[in-house]
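1. what's the 3D shape of this:
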Amino acid sequence: MPQFSLYEEAFHPSPWHRTWAAFRESHIAIIGLFVLGMFVVFSVFAPVLSPYDPNAQNIDGLLIPPSWAMSGSISNLFGTDALGRDLFSRIMYGCRITLGSGLLMVVLAMLIGVSIGTLAGMLKGVRSSIVNHLLDALMAIPTLLIAIIIVAILGTGLVNSMWAITLALIPQFIHHTRRFVRSEAKKEYILASRLDGANKWQLFVHSILPNMTEMLVVQGTLALSIAVIDISALGFLNLGAQSSLPELGAILADGLDVAYLAPWNVALPGITIFVLVLSINVVGDGLRSALRKRMSQ
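-> The predicted model follows:
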């Protein structure tokens with residue numbers, strides 16, 4: 001029997017509960033989250049969900065149209081390519097490689113960029129001015145161009161392209177973190193923490209970092225969409241993942257040779273990249289709006 005309580009306890013939702021409640025108010029953000037979750041499920045469970053081996057060739061089934069076409073087959077949902085490989089299985093594994101590589105690159109770039117940006121934000125005088133002008137110069141160069149230059153030095157391949165894109169994303173996190181730290185360091189709560197005897201590490205961990213969530217969410221989602229586009233572009237240019245590896249950009253490049261005979265070999269990987277990047281941006285915009293609404297309450 002439950003114990004009777006005269007005084008009803010008031011429920012105070014946590015900050016993350018308030019953020020989720022604000023996020024659910026946007027139907028577009030929920031749809032974007034569902035689509036992005038579908039890509040994540042495909043990426044994680046690709047070996048279980050894919051009907052065929054992505055590299056298995058079928059000479060008797062070359063350029064089979066998708067299942068919704070008149071001459072299509074239900075056994076190959078998205079049809080096959082010029083080597084008889086199942087396109088649906090290759091796209092599923094392509095999401096695994098492209099999205100997984102993008103997440104890994106963004107996490108690594110964020111860790112390095114936030115660490116260096118925090119140190120740069122606490123610098124003063126000539127050193128701060130030099131770092132500021134250097135970052136402005138790097139930010140003026142597109143990340144894809146930086147990645148192409150680094151790949152030209154390191155060599156082609158998926159691993160080298162991942163390192164190149166990571167190095168190209170780091171200056172963005174350094175720049176935004178440095179600007180955020182410098183603006184927060186002028187506020188009264190930082191001054192109060194300094195008067196209490198807090199050192200720079202304690203100021204960052206206990207005062208600045210908790211307020212950096214919105215900035216990291218916005219920059220992280222933006223960097224993830226850039227990473228997905230860049231790694232697909234390098235794969236398309238044959239500078240990243242090679243054609244034997246099922247990566248979305250490489251799959252799109254393979255389909256160009258038979259674009260007139262089998263346009264679905266180009267259309268379906270291109271639509272997949274577009275929908276993946278769009279869902280990432282929609283979820284990021286929804287999180288940014290929800291965090292901003294929570295901060296204003």
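2. got a list of what the residue most central in space within the chain touches?
-> For the chain, the residue nearest the mean C-alpha position is L224 (2.0 Å; CA atoms, centre = their mean). Applying CB atoms under 8 Å, 6 or more residues apart in numbering to L224 gives the contacts G102, L103, V106, I280, G284. (C-beta placed from N, C-alpha, C; glycine too.)
3. which SS state does the fourth one fall under?
-> Meaning I280. helix (DSSP: H, G, I helix; E, B strand; the rest coil).
4. hang on, it packs against L36?
-> Yes: judged on CB atoms under 8 Å, I280 makes contact with L36 at a distance of 6.3 Å.
5. So which of those two has more stuff around it?
-> I280 (26 against 22; other CB atoms under 10 Å).
6. In contact with the more buried one, which residues?
-> G32, L36, T221, L224, S225, V228.
7. tell me which helix or strand of the protein sits lowest on mean pLDDT?
-> The least trusted helix or strand in the chain, going by mean pLDDT, DSSP states H and E, turns out to be helix 126-139, with a mean of 70.
8. Would you mind identifying the next helix or strand past that helix?
-> helix 143-154 (DSSP states H and E).
9. And that next one, what's buried?
-> T143, L144, I146, A147, I148, I150, V151 (16 or more other CB atoms under 10 Å).
10. Chain neighbours aside, what residue packs nearest to I226?
-> Distances taken as CB to CB, 6 or more residues apart in numbering place T143 nearest to I226, at 5.7 Å, with adjacent residues excluded.
11. now the one you found: how far from V181?
-> 22 Å (CB to CB, to the nearest Å).
12. One more: V218?
-> On the measure of CB to CB, V218 and V181 end up 16 Å apart.
13. still on that earlier bit, what is the nearest of the buried residues of helix 143-154 to P66?
-> Comparing the buried residues of helix 143-154 against P66 with CB to CB places L144 closest, at 30.7 Å.
14. Could you double-check that that closest one sits in contact with D230?
-> Yes: counting by CB under 8 Å, L144 touches D230, with 5.1 Å between them.
15. Overlap of the contact sets of the two?
-> Taking CB under 8 Å, 6+ apart as the criterion, L144 and D230 both touch A168.
16. Looking at V218 and V181, which one has more neighbours?
-> Each of V218 and V181 has its neighbours counted (other CB under 10 Å); V181 has more, 23 against 17.
17. these two touch, right, A262 and A82?
-> Yes: here A262 reaches A82: they are 7.4 Å apart, a contact under CB under 8 Å.
18. Identify the contacts common to these two.
-> Joint contacts of A262 and A82 (CB under 8 Å, 6+ apart) are L63.
19. The two - which one has more neighbours?
-> A262 (21 against 15).
20. got the contact list for that one?
-> A262 touches L63, P65, G79, D81, A82, G255, counting by CB under 8 Å, 6+ apart.
21. what sits up against whichever helix or strand the last one is part of?
-> This points to G255. Secondary structure from DSSP H and E places G255 in helix 248-255. Under the contact criterion CB under 8 Å, 6+ apart, helix 248-255 has outside partners 81-82, 87, 90-91, 94-95, 97-98, 231-238, 240-243, 262, 265-266, 269-270, 272-273, 276.
22. let's go with 7 Å and repeat that
-> 81, 90-91, 94-95, 98, 231-236, 238, 240-243, 265-266, 269-270, 272-273 (CB atoms under 7 Å, 6 or more residues apart in numbering).
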